[in-house]
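[1] Fold the following and give me the result.
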Amino acid sequence: MRALLLEDDPLLGDGIKTALEREGYTVDWFMLGREAIIAVGNETFSVIILDLGLPDMDGMQVLQLLRQQSALPILILTARDAVEDRIGGLDAGADDYVLKPFNLQELLARLRVVMRRAEGRASQIITLGALSIDEARHTVSWRGKDVKLSRREYALLLELARHPGRVLSRPRLENLLYGWGDEVESNAVEVHIHHLRKKLEKHLIINVRGIGYRLDSQAQ
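    Model (predicted):
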């Protein structure tokens, strides 16, 4: 769960980044629209959080440029409360709108909703065979028993579960787990996979040699 946060207010940006990281997100925080546009073109993200009041570009222009190059869920943060502004943002490609000031728990809930909607899911609970993941509570159960995972183990398992049966490459998983400023060991993904297999089931996560990993959605 890698989020791109575009917010030029240092205090607000730091607060959002901290809250997202506590929820298991990897966060790349930018203050300039041009930087965010370049990042989306070069990196893998799960969701974009966009403030419309930016110092270098008009936020609506940034929204339009982001939407031209990406189908990622985009959630707008803004103090512009006029109905016309909200309609304009949604028509330009935003998936949801949160007005400042806002409650962080509401922001987190709306992020979960826009990502579920993008994946075509209605429920916050993902159930695949004997595996169950509750996104709102950040809990995982295997064969009816709760399993404790680290932040990155949870994020990795959730990404695989969001794409059951699909092979996800190691670079893609690595990009989702680590931000630009994080130091990454060459075998980081493999280490997390090893831990997940020990805590869940050895054959739950399948290694497709030379391509990546996929989740066995029928595992019992």
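[2] Break down this structure into its helices, ranges please.
    Assigned by DSSP state H, the helices in the chain fall at 10-22, 33-42, 59-69, 83-91, 104-119, 151-162, 170-177, 188-199.
[3] Now the second one: average pLDDT?
    The one in question is helix 33-42. The predicted model assigns helix 33-42 a mean pLDDT of 91.
[4] quick check: angle from it to helix 59-69?
    Angle between the axes of helix 33-42 and helix 59-69 is 10 degrees (criterion: axes from the mean of the first three to the mean of the last three Cα atoms, to 10 degrees).
[5] Outside of helix 33-42 itself, list whatever touches it.
    Residues external to helix 33-42 that are found in contact with it (Cβ atoms under 8 Å, 6 or more residues apart in numbering): 4, 6, 28, 30, 45, 48, 50, 54, 56-57, 59, 61-62, 65-66, 69-70, 72, 180. (Each C-beta comes from the backbone N, C-alpha and C, glycine too.)
[6] out of the residues you listed, which are buried?
    Among the contacts of helix 33-42, the ones that count as buried by 16 or more other Cβ atoms under 10 Å are 4, 6, 28, 30, 45, 48, 50, 54, 59, 62, 65-66, 70, 72.
[7] mind listing which of those residues are in strands?
    Members of the buried ones among the contacts of helix 33-42 lying in strands (criterion: DSSP state E): Leu4, Leu6, Asp28, Phe30, Ile48, Leu50.
[8] Now do the same contact list for the fourth one.
    This means Phe30. Phe30 makes contacts with Leu4, Leu5, Leu6, Ala36, Ala39, as judged by Cβ under 8 Å, 6+ apart.
[9] May I see those arranged in a markdown table, with distance to Ser141 as well?
    Compiled in a markdown table, these are given as follows (distance: Cβ to Cβ, whole Å):
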| residue | distance to Ser141 |
| --- | --- |
| Leu4 | 31 |
| Leu5 | 30 |
| Leu6 | 35 |
| Ala36 | 37 |
| Ala39 | 35 |
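[10] which of those lies closest to Arg166?
    Leu4 (22.2 Å; Cβ to Cβ).
[11] Give me the distance between the closest one and Thr139.
    Going from Leu4 to Thr139 by Cβ to Cβ, to the nearest Å gives 26 Å.
[12] Give me the domain ranges for the chain.
    2-119, 125-215 (the TED database).
[13] Tell me the span between the first and last residue of the last one.
    So the one you mean is domain 125-215. With Cα to Cα, to the nearest Å as the measure, domain 125-215 spans 16 Å from end to end.
[14] likewise the first one?
    The distance separating the two terminal residues of domain 2-119, taken as Cα to Cα, comes to 15 Å.
[15] 609 is where my numbering starts, stick with that
    Fine by me, first position is 609 from now on; the one you just mentioned is domain 610-727.
[16] Okay, now the unreliable bits of the chain?
    By pLDDT under 70, the low-scoring segments of the chain are 788-792, 828.
[17] Contact partners for the nearest residue to Leu781 once chain neighbours are set aside?
    Leaving aside its chain neighbours, Leu781 sits nearest to Val797 (5.1 Å; criterion: Cβ to Cβ, 6 or more residues apart in numbering). Taking Cβ under 8 Å, 6+ apart, we find Val797 in contact with Leu764, Arg778, Leu781, Glu782, Leu785, Tyr821.
[18] Isn't the fourth one up against Ala796?
    It stands for Glu782. Yes: look at Glu782 against Ala796 with Cβ atoms under 8 Å: they come within range, at 6.5 Å.
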